[in-house]
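> take a look and give me a structure for this.
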Amino acid sequence: MKPTEDIEKFIKNTYADNLPAATSAKLDQRVLSNAQETLEKSKTTQSAGAGPNIWRIIMKTRITKLAAAAVIIIAVLIGINQFGGSFDGASKVYGMSNVRELFGAAKSIYLSGQIYFPPLEANGEVQIVDVEYWVDVESGRWRSVTPNMSSGPDGTSITVSEQICDGGEFVLDIEHTKSQASFSRQSRLQAKLRSRGLVETIMIFVCGDPAYYDLYKIVGQESIEGQDYNMWEWSIENEVGPNLRMQCWLSATTGDFAKALVWMKDGEGEWQKKFHITNLEQNKIIPDDIFAMETPSNFTLMNTRETARKRQLYKLTGSCDPYRLNIHALFPLRDGTVIACWSSRNTKSQDSQAALFDECEIGGSLPELPFEVYALKASVNGKQAEFQGYHLCYTELEGEFYEWGIYVPIEKIDSHQSRIQIYSVVYRSHCEAKSPFKLASSPDLVIENNVDFETFVVGAIKEFSNQDKVPNNITYENILILSNEIRDSIG
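Next up, the predicted model:
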């Protein structure tokens with residue numbers, strides 16, 4: 001897992017679902033409880049090619065609280081930035097509640113700023129690290145420059161990594177600290193998911209869940225370069241753990257973003273600057289050379305395009321030798337229903353699993369693979385929700401079989417009102433291994449309409465199949481109808 005992916009996964013696992021709807025001791029405790037619950041899940045979650053777990057590294061350092069605060073704030077960096085940008089003059093942005101839909105229509109996003117890392121050792125200095133994102137949504141191109149915390153024999157250090165994708169099948173990973181670069185290979189669908197996912201990440205972690213909009217209050221006005229801006233602010237002060245304050249300057253008449261600041265303090269100490277967001281623009285014309293896949297001349301190229309590793313087709317995996325469970329995709333729909341792709345097999349057996357799918361019917365029971373994902377669970381507005389699984393279809397790719405299940409909550413969950421960031425995987429065992437591991441995963445992308453469904457869900461089904469087609473009855477509207485029928489039958 002690459003540093004930018006570490007950061008985003010950490011954010012989704014730790015930050016997004018932890019914002020309270022109002023500041024109070026009870027809700028502050030919910031923040032801490034949810035973070036701890038997610039931490040426990042992450043300890044037992046294994047993802048493909050995972051590098052050092054950021055949270056685990058932080059908690060082992062000598063200055064746990066300050067280092068942890070720095071990494072937690074990375075979530076805020078991606079979050080706070082959606083409040084700005086230059087918008088079409090015909091669409092006036094008057095407050096935070098208007099920003100989300102406008103950024104949802106963004107064709108490109110540019111973000112830059114600085115992260116203020118606390119000293120990593122006693123009497124050390126604050127380290128200021130630049131961060132930058134370029135995302136071309138339409139073509140699936142992106143470029144990111146982000147910091148990462150790493151731990152080794154010499155202690156904890158801050159490294160800087162860069163990823164570039166020109167919309168094709170390759171990603172160039174540049175490790176600035178090591179002066180190394182390498183290529184990896186991805187599918188076109190993975191490229192589209194990545195670029196859309198970056199925008200979704202920015203959108204969610206700027207405004208958070210729409211239910212939390214009332215956290216933001218106008219606390220002042222300021223004129224900057226002849227333009228008036230409202231200063232928006234919210235803060236959380238906890239009895240235990242770091243306190244957080246977010247500020248941003250937004251024009252009530254044009255929607256232009258001026259700046260944003262993020263502050264933290266520990267206990268009764270002074271507020272310390274953690275982020276300074278200096279620029280955020282949507283629909284910015286991006287020069288083509290921004291996405292040039294060129295290795296710096298003084299860097300060592302560790303492989304070539306021809307020898308590049310292929311990015312795995314699964315999000316995370318759990319295993320108890322020789323049995324394995326892979327989670328490949330999670331697509332929530334607008335009513336809260338989730339389409340999930342998973343597979344499970346005995347890795348030491350070459351027997352075909354085709355017969356296990358013979359009796360499966362749409363809306364019926366799931367196949368009894370070695371591990372069967374029969375449900376998902378998630379926290380929704382502070383309450384535990386369960387999503388019961390039913391068979392949708394299956395695919396075969398190069399001898400491997402993939403189950404596509406539809407997971408239905410008993411009550412509808414409006415994705416515009418509550419976006420779930422983490423799903424716990426609930427499975428039963430049909431083999432000798434009895435529930436040996438825990439898995440939790442973030443969604444790939446919320447499917448808002450038929451275009452999204454055809455691009456990402458149908459596209460994913462085709463990618464996991466030897467045949468470039470899907471059953472005719474698997475459409476966006478049909479899935480919503482099926483979900484309602486299942487909900488009525490179990491309600």
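
> C-alpha only now, for contacts and for neighbours.
Noted.

> ok, which stretches of the stretch 351-491 of the chain are strands?
Applying DSSP state E, counting those that start in this stretch to the stretch 351-491 of the chain gives strands spanning 371-380, 383-397, 400-409, 423-429, 439-441.

> most tightly surrounded among these?
strand 400-409 (a mean of 25; mean count of other Cα atoms under 10 Å).

> pop out the phi and psi values for residue 432.
phi -70, psi -30 (degrees, to the nearest 10).

> from residue 255, how far out is it?
Counting by Cα to Cα, to the nearest Å, the gap from residue 432 to residue 255 is 59 Å.

> higher neighbour count, the two?
Comparing residue 432 with residue 255 by other Cα atoms under 10 Å, the one with more neighbours is residue 255, at 26 against 10.

> quick one: secondary structure of the more buried one?
Here residue 255 takes the coil state, with states given by DSSP: H, G, I helix; E, B strand; the rest coil.

> do the same with residue 317
strand.

> neighbours of the spatially closest residue to it that is not a sequence neighbour, how many?
Once flanking residues are discounted, residue 317 sits nearest to residue 326: 4.4 Å by Cα to Cα, 6 or more residues apart in numbering. For residue 326, the count of nearby residues is 22 (other Cα under 10 Å).

> bridge partners for residue 326, pull those for me.
residue 317, residue 343 (DSSP bridges).

> from residue 371, how far out is it?
9 Å.

> now for those two: what residues contact both?
Taking Cα atoms under 8 Å, 6 or more residues apart in numbering as the criterion, residue 326 and residue 371 both touch residue 344.

> where's the residue nearest to residue 429 when sequence neighbours are not counted relative to residue 245, distance?
Nearest residue to residue 429 in three dimensions, chain neighbours excluded: residue 371, at 4.7 Å (Cα to Cα, 6+ apart). To residue 245, residue 371 is 44 Å away according to Cα to Cα.

> what of residue 266?
12 Å.

> check residue 441 too.
Residue 441 is 28 Å from residue 245, by Cα to Cα.

> now do residue 157
The value you get for residue 157 to residue 245, if Cα to Cα is used, is 26 Å.

> quick one: residues contacting the residue nearest to residue 317.
314, 315, 316, 317, 318, 342, 343, 344.

> how about residue 298?
residue 179.

> that older thread, pretty sure the residue nearest to residue 429 contacts residue 327?
No - if you go by Cα atoms under 8 Å, residue 371 and residue 327 don't touch, sitting 11.2 Å apart.

> out of residue 157 and residue 245, which sits in the more crowded spot?
residue 245 (19 against 11).

> tell me the predicted confidence for the nearest residue to the more buried one once chain neighbours are set aside.
Residue nearest to residue 245 in three dimensions, not counting chain neighbours: residue 235, with 4.1 Å by Cα to Cα, 6+ apart. Here, the pLDDT recorded for residue 235 equals 81.

> shaky segments in the stretch 351-491 of the chain?
Residues of the stretch 351-491 of the chain that meet the criterion pLDDT under 70 lie in 415-418, 435, 491.

> point out where this structure drops to low pLDDT.
In the chain, residues with pLDDT under 70: 1-94, 99-100, 102, 151-152, 201-213, 238-241, 313, 415-418, 435, 491.

> let's see that with 50 instead.
1-91 (pLDDT under 50).

> now the helices for it?
When secondary structure is read from DSSP state H, the chain shows helices at 3-14, 25-43, 54-59, 64-80, 99-104, 188-207, 450-452, 459-463, 476-490.

> and the nearest residue to residue 277 once chain neighbours are set aside, how many neighbours?
In this structure, residue 277 finds its nearest non-sequential neighbour in residue 113, 4.4 Å apart by Cα to Cα, 6+ apart. Other residues near residue 113 come to 21 when the count uses other Cα under 10 Å.

> my guess is residue 113 contacts residue 262. True?
No - under the criterion of Cα under 8 Å, residue 113 makes no contact with residue 262, lying 11.3 Å away.

> so what sits against both of these two?
275, 276.

> measure residue 489 to residue 131 for me?
Per Cα to Cα, residue 489 is found 50 Å from residue 131.

> one step back: mind checking how far the residue nearest to residue 429 is from residue 388?
Distance from residue 371 to residue 388, by Cα to Cα: 16 Å.

> and what of residue 162?
40 Å.

> again with residue 402
Residue 402 is 18 Å from residue 388, by Cα to Cα.

> for residue 475, give me its contacts.
Contacts of residue 475 (Cα under 8 Å, 6+ apart): 450, 453, 454.

> which among the residues you listed end up buried?
453, 454 (16 or more other Cα atoms under 10 Å).

> need the contacts of residue 475 in CSV with distance to residue 117, can you?
As requested, the contacts of residue 475 are exported to CSV (distance: Cα to Cα, whole Å):
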residue, distance to residue 117
450, 43
453, 40
454, 42
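
> count of residues packed around residue 287?
Neighbour tally, residue 287, other Cα under 10 Å: 8.

> what backbone torsions are found at it?
Per degrees, to the nearest 10, the backbone of residue 287 is at phi -60, psi 140.

> distance check, it against residue 180.
For residue 287, the distance to residue 180 - Cα to Cα - is 25 Å.

> do residue 286 as well
For residue 286 relative to residue 180 (Cα to Cα), the value is 26 Å.

> and the two? Which one has more around it.
Using other Cα under 10 Å as the criterion, residue 286 and residue 180 rank with residue 180 on top: 17 against 14.

> list the contacts for the nearest residue to that one once chain neighbours are set aside?
Counting by Cα to Cα, 6+ apart, residue 300 is the residue found nearest to residue 180 once chain neighbours are left out, at 4.7 Å. Residue 300 sits next to 179, 180, 181 when contact means Cα under 8 Å, 6+ apart.

> tell me which of those is nearest to residue 104?
Using Cα to Cα, residue 181 comes nearest to residue 104 of the contacts of residue 300, at 32.7 Å.

> so the closest one bridges to which residues?
residue 174, residue 301.

> go ahead and confirm it touches residue 174.
Yes - using Cα under 8 Å, residue 181 is in contact with residue 174, at 4.3 Å.
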